[in-house]
Each structure stands twice: as C-alpha cells, then as structure tokens.
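**Student:** Model the following, please.
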Amino acid sequence: MRSAEWLFGVSAVLFVFGIGFVVVGARSARHPTTAMRPSAPDLVPVASIRQIMQGIVTPGATAIFESVSTTITLEGTTEKAPRTNEEWAAVANGAAALAEAGNLMLMEGRALDGDWIKMSQAMIDAAKLTLTAVQARNPQQVFDAGGEVYTSCNGCHAQYMR
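**Tutor:** Now for the predicted structure:
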C-alpha cells in the first residue's frame, strides 16, 4: 500500500511541475528573447543641426505657439484655440515632430555635451507635455506647455546659437 501512496505523490509532483513548465513556456513564447528580436540598424546622422532646426523644430514649435492666443484690440478680445479635430491634430503633429527632433538631437555625433543632452531632453519633455494637453483638449494646458517649449528653446539658443 505504501508504494501506491508514494507513486501517487511522485505523479502529483510531476504533474504540477509539468503544468509549471507549460505556463513558463507559453509566457516565453509571448515575449521573445533579445536574440529572437531583430536588431535596429546603426543610425547614421544625415541632416545637420541647422536642417533639423529649420525643417522640424521651427515648424513644430510654431504649430504649438500659434495654436492658442489672446489678442486684445480696441474692438475687443479675440481668443484663439484649436476647435476642430484637424486643428488639434496639427498641434499634436507639431508636438510629436518636436519630440522626435529632440531624439535626433541626442543621436551619436550630435550631442555636444551634458548641457546639450539636458536641453534636448527638456524639449522632448515639453513636447510630451503638449501632447498630453492636446489629448485633454485643454487650450490652457497647451498654452502652458508652449511656455515650456519656449523656455527649452530659448535656453539652448542662448548657449549654442552664435
């Protein structure tokens, strides 16, 4: 009788371990290892900093800066803010371009020093703040985020633009 109990115990333990191996195997199959993922190609800078500024940063920042404003004249006050899906998308596209330009500024061969890295990251963070404001469809938050974009740009220009 004892050998039957022992055999049953060993079978139960093997069954539990077998289920464990199946679960672990299934999870591993869903998350491929690094060796199974294709590696990203080496990135080689193509555009100059000036081209990135003129082609990506300036249009992206301009889209943010011009999206929300208050104009006061003798005739009255005019509030400007995105209203349509297309207008909100234009601000979001400008912010996304600005964030990605920040990533380009951090590429090997472009990052000049530690301050450059901090300022590029500040631009990325300000652009992400703008994207969050656009998702909330909150003109005041877009305006405030635009101030952060301006601060990041102005600090960098003061140090590096000669």
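**Student:** Residue 110 is in contact with residue 45, isn't it?
**Tutor:** Yes: with contact defined as CB atoms under 8 Å, residue 110 reaches residue 45; the gap is 6.0 Å. Backbone N, C-alpha and C define where each C-beta goes, glycine included.
**Student:** Which of the two has more residues huddled nearby?
**Tutor:** More crowded of residue 110 and residue 45, by other CB atoms under 10 Å: residue 110, with 15 against 12.
**Student:** so residue 76 bridges to which residues?
**Tutor:** residue 73 (DSSP bridges).
**Student:** what about it, neighbour count?
**Tutor:** Neighbours of residue 76 (other CB under 10 Å): 7.
**Student:** pLDDT score for it?
**Tutor:** With respect to pLDDT, residue 76 has a value of 90.
**Student:** what about it, distance to residue 110?
**Tutor:** 47 Å (CB to CB, to the nearest Å).
**Student:** The chain: strands as residue ranges?
**Tutor:** 69-73, 76-80 (DSSP state E).
**Student:** And the pLDDT for the residue lying closest to residue 80 once chain neighbours are set aside?
**Tutor:** The shortest distance from residue 80 to any non-neighbouring residue, by CB to CB, 6 or more residues apart in numbering, is to residue 69 (4.6 Å). Reported pLDDT at residue 69 in the predicted model: 87.
**Student:** So for residue 46, what pLDDT did the model give?
**Tutor:** 86.
**Student:** just the one 10 residues further on next, same as before
**Tutor:** What the model reports for residue 56 is a pLDDT of 91.
**Student:** hang on, the earlier thing: among the strands of the chain, which comes closest to residue 125?
**Tutor:** With CB to CB, the closest approach to residue 125 among the strands of the chain belongs to strand 69-73: 22.9 Å.
**Student:** Just the buried positions in the closest one, please.
**Tutor:** For strand 69-73, the buried set under the neighbour-count rule, 16 or more other CB atoms under 10 Å, is empty.
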